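Engineer: sequence first, then the predicted structure:
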Amino acid sequence: MTFQQSIHDALVEGLSPSAIEVINESHMHSVPKDAQTHFKVVIVSDAFAAKSPVERHRMVNALLGAEWKAGLHALSIHAYTPGQWRDRGGSFPESPPCMGGSKATSK
């Protein structure tokens, strides 16, 4: 099973989302080809109601303990309630280009 599938399955089991997308963004970073270390999660769940953004991130990270231990390096979390998702028109922010490691530029 890939990290992407493992992340997806853990979040579906733990949060019963109405929408979820797990995107492997490793190719945008200074990692070996075919790495599975950097992901973006867009998740919509009633479980986030009355939770702050920090609480939502903690909920997601807690469900991914095994993935963090197995080598997950970075996770961008976009966690919404169904109402927030509707208000956003089902859209989420694009990830900025990586500026770390060998991709950093000097000014």
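Structural biologist: Sure thing, it's come through.
Engineer: mean confidence score for stretch 85-104?
Structural biologist: For stretch 85-104, the mean per-residue pLDDT is 68.
Engineer: then stretch 25-33?
Structural biologist: 59.
Engineer: so which residues of the chain form helices?
Structural biologist: 3-15, 53-63, 65-69, 82-87 (DSSP state H).
Engineer: can you add distance to His38 and mean neighbour count and give those back as JSON lines?
Structural biologist: From N, CA and C alone the C-beta is placed, and that goes for glycine too. Formatted as JSON lines, the helices of the chain follow (distance: least, C-beta to C-beta, whole Å; neighbours: other C-beta atoms under 10 Å):
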{"stretch": "helix 3-15", "distance to His38": "10", "mean neighbour count": "17"}
{"stretch": "helix 53-63", "distance to His38": "15", "mean neighbour count": "15"}
{"stretch": "helix 65-69", "distance to His38": "12", "mean neighbour count": "12"}
{"stretch": "helix 82-87", "distance to His38": "23", "mean neighbour count": "14"}
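Engineer: quick one: closest of those to Ser76.
Structural biologist: Ser76 sits nearest to helix 53-63 of all the helices of the chain, at 10.1 Å, using C-beta to C-beta.
Engineer: show me the contacts for the residue nearest the centre of the chain.
Structural biologist: Per C-alpha atoms, centre = their mean, the C-alpha nearest to the average position across the chain is that of Val41, at 2.5 Å. Counting by C-beta atoms under 8 Å, 6 or more residues apart in numbering, Val41 makes contact with 7, 11, 20-23, 60, 75-79.
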